[in-house]
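Asks: Build the 3D model from these lines:
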Amino acid sequence: MNKEMELLRIFRVAAESSSFRDAAVRLGTSPQGVTRAIQQLEQHYGEVLFHRSTRQVRITAFGEGLLDQVRPALERFEDLWRTPGSDQQASLSGTVRITAPHSLGTRAVLPALERVAARHPDITLDVRLSDRISNTVDEGIDVGIRVGFMRDSRFVARKAADMKLPIVAAPRLIKKVGVPENIDALSSLPATVALDINTGRPWPWHFKAGRQWTPAAPTLVADNADMEMGAALAGIAFAQLADYMAAPYIASGKLVRVLESEEPPAWGLYVYRPQRGPIPGRVRAVFDEMLVAVGSLPALR
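Replies: Numbers count the residues shown, from 1 in each chain. Predicted structure coming up:
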């Protein structure tokens, strides 16, 4: 079993590296050793894990699926192997820098950090909420939350939850204008649009089969998801919101879900951390609590 675990560990590092040579440096072995390990796994599964060329190594679709299973399995093993009382070691001090979208600040980040602060009062928690795409390496980010899969090999990303994107409106607005029968009907109804602060352009609404729609004459334009939700709750307009925001209001009847059959497949919510050398205990403590917090967000079934 130890040999098999080591092969999977090498595979994970290779998948998170830019090349087998880079993986070898991080593992303290040779590129040939990494290649042999990958070949053994490919023979075992009967599938190609990486497309190889003289210039680059690219993971295959089968390899990505295997990686999604290997990551949590290995991290669970590492958790089990951790010695009792290790969380109380003196290493759990210092600063951990955290980033997340604004909409997840009080909903996920704060609950996680409340638990970290109670257990590890010597950790300084440096939170930078932003909806802007930034260079997290240059900014020294230790732990972050991102919507959608993260393919940057400099980070380890772990899926914590699924996020649906319902279309919602207040009951009084629906009483006034009616329920849209299809996506095209939205064009004649008041709607919000989210502004992408990276480009200055509006984000399109997403639907199944890859269809997108952008309100041509939105009632409200906002660069903040909570402002959009406020407009929906106030009966100003229809909005497409993350389910972790809308679900409690749908359950209470303050928002009504429409066009459910047109919703896109769920998006992933990922917690990530840098993959560079041993992970300090303080970063691991924050990472673990962030996983729990994101996984506990309200969700639509």
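
Asks: Ranking helices and strands of this structure by mean pLDDT, which lands last?
Replies: helix 20-27 (a mean of 79; mean pLDDT, DSSP states H and E).

Asks: tell me what that helix is packed against?
Replies: helix 2-15, helix 31-45 (3 or more CB pairs under 8 Å, 6 or more residues apart in numbering; DSSP states H and E). Quick note: C-beta positions are derived from backbone N, CA and C, even for glycine.

Asks: how far does the longest one sit from the chain's center?
Replies: For helix 31-45, the distance from its own C-alpha centre to the chain's C-alpha centre is 29 Å (CA atoms, centre = their mean, to the nearest Å).

Asks: now the angle from it to helix 20-27?
Replies: Angle, helix 31-45 to helix 20-27, by axes from the mean of the first three to the mean of the last three CA atoms, to 10 degrees: 100 degrees.

Asks: Helices along the stretch 201-301 of the chain, start to end?
Replies: Assigned helices in the stretch 201-301 of the chain, in chain order: 225-233, 243-252, 281-295 (criterion: DSSP state H, counting those that start in this stretch).

Asks: Among those, show the one with the smallest mean pLDDT.
Replies: Looking at these, the lowest mean pLDDT belongs to helix 281-295 (a mean of 92).

Asks: which of the residues in stretch 294-301 are buried?
Replies: Within stretch 294-301, the residues scored as buried using 16 or more other CB atoms under 10 Å are 294, 297, 299, 300.

Asks: ok, back up a step: now the least confident helix or strand of the chain: buried residues?
Replies: Buried residues in helix 20-27, counted by 16+ other CB under 10 Å: 20, 22, 23, 24, 27.

Asks: wait, which of those is closest to residue 128?
Replies: residue 22 (27.9 Å; CB to CB).

Asks: Now do the strands in the stretch 51-200 of the chain.
Replies: For the stretch 51-200 of the chain, strands defined by DSSP state E, counting those that start in this stretch occupy the ranges 57-59, 94-100, 123-129, 143-147, 155-163, 167-169, 192-194.

Asks: coming back round to it: and the least confident helix or strand of the chain, how far out from the chain middle?
Replies: With CA atoms, centre = their mean, you get 26 Å for helix 20-27.

Asks: looking at this structure, which residue lies furthest from center?
Replies: Taking CA atoms, centre = their mean, the residue of the chain most remote from its mean C-alpha position is residue 176, at 37.0 Å.

Asks: which residues touch it?
Replies: residue 235 (CB atoms under 8 Å, 6 or more residues apart in numbering).

Asks: measure it to residue 96 for me?
Replies: Using CB to CB, to the nearest Å, one gets 48 Å for the distance from residue 176 to residue 96.

Asks: now residue 296
Replies: For residue 296 relative to residue 96 (CB to CB), the value is 20 Å.

Asks: Kindly report the same for residue 30.
Replies: Taking CB to CB, one finds residue 30 at 34 Å from residue 96.

Asks: what's the answer for residue 160, then?
Replies: 17 Å.
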